[in-house]
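S.K.: This is the structure alone, sequence omitted:
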Ligand code: BTN
């Protein structure tokens, strides 16, 4: 995989250094450690299998060997720490673009960090940040993509959760070369990162909103056990937080939570 990826890589700065391992607990954890030791921007960690893959809200990310992509990328932007969640949006835009270009045109984004195909999750993004005073020291963007799992493998590996998951293969009907997918993803990621650096957040927010599947849909938002509400998903603010207009006309800002279209 790593030899193939090096041959296919067209990104200029992202992926100059790639660490590949057959097995890691979590590519994000490894890259956070490398970041602490001063690894350079664009450093990438890939594992064939993760034993402790992590998702948002302390969920686990099912990471069997030989079939999917588990990849983390290091960024060192000069931005305030509170803007770090924008990197989830940057990665989501790059991801959905690569998936659509494979021929899956109905792939879209589900706030905040899911890529879905007909409502089923195919990929997720976990952005983790280390601050230096009020600024970002570094950001690790971790991406998991279900690539070549069959329906049987999804059901077997994920149990109940398999009902709301899918893979690229399940939608395309054929296998996709993981190294090619990774090379394309790094290129698109580099491109959107450059756009963010040169044009600022508005270009990202516009593109993200265009590829968001739930604009103006009625949603149920669960913040925690005690807080839940419904309303219309009207957009995201300048930090990427979800804006939901409730029935009494109030616009609520959702920083973290689960959102279901109803
Ligand atoms: C989510 O949907 O909640 C985010 C899932 C992110 C999974 C990826 S796999 C590569 C990287 N390493 C991890 O431990 N998590 C991310």
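M.R.: Sure thing, it's come through. Owing to the predicted nature of the structure, the values given are computational and were not obtained by experimental measurement. Residues are numbered from 1 along each chain as shown.

S.K.: Which one of the residues in the stretch 101-250 of the chain is closest to the ligand?
M.R.: Across the stretch 101-250 of the chain, no residue is closer to the ligand than residue 124, which sits at 2.1 Å (CB to the nearest ligand atom). Heads up, the C-betas are built off the backbone N, CA and C, glycines and all.

S.K.: is it true that that residue touches residue 144?
M.R.: Yes. Here residue 124 lies in contact with residue 144, judged by CB atoms under 8 Å, at a distance of 5.4 Å.

S.K.: Quickly list what's touching both of those two.
M.R.: Taking CB atoms under 8 Å, 6 or more residues apart in numbering as the contact rule, residue 124 and residue 144 both touch 55, 61.

S.K.: residue ranges of the strands in the stretch 151-262 of the chain, please?
M.R.: Here the stretch 151-262 of the chain has its strands, by DSSP state E, counting those that start in this stretch, at 218-224, 227-236, 242-245, 251-254, 258-261.

S.K.: taking those strands together, which one is wrapped up most tightly?
M.R.: strand 242-245 (a mean of 19; mean count of other CB atoms under 10 Å).

S.K.: and the longest helix along the chain, how far out from the chain's middle?
M.R.: For the chain, the longest helix by residue count, based on DSSP state H, is helix 178-199. Relative to its chain's centre, helix 178-199 lies at 13 Å (CA atoms, centre = their mean, to the nearest Å).

S.K.: Quick one: list the elements packing against that helix.
M.R.: Judged by 3 or more CB pairs under 8 Å, 6 or more residues apart in numbering; DSSP states H and E, helix 178-199 is in contact with helix 2-8, strand 69-75, helix 86-101, strand 135-145, helix 201-210.

S.K.: Make a markdown table from these and add distance to the ligand to it.
M.R.: Output for these, formatted as a markdown table (distance: least, CB to the nearest ligand atom, whole Å):
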| stretch | distance to the ligand |
| --- | --- |
| helix 2-8 | 15 |
| strand 69-75 | 4 |
| helix 86-101 | 9 |
| strand 135-145 | 3 |
| helix 201-210 | 16 |
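
S.K.: Residue 17: which of those is closest?
M.R.: strand 69-75 (9.0 Å; CB to CB).

S.K.: Let me know how buried residue 46 is, in neighbour terms.
M.R.: 23 (other CB atoms under 10 Å).

S.K.: so it is in which element?
M.R.: For residue 46, the host element (DSSP states H and E) is strand 44-50.

S.K.: Can you list the buried residues in stretch 76-93?
M.R.: By neighbour count on 16 or more other CB atoms under 10 Å, the buried set for stretch 76-93 is 77, 79, 83-93.

S.K.: for stretch 60-74, that is, sorry about that
M.R.: 61, 62, 63, 64, 67, 68, 69, 70, 71, 72, 73, 74.
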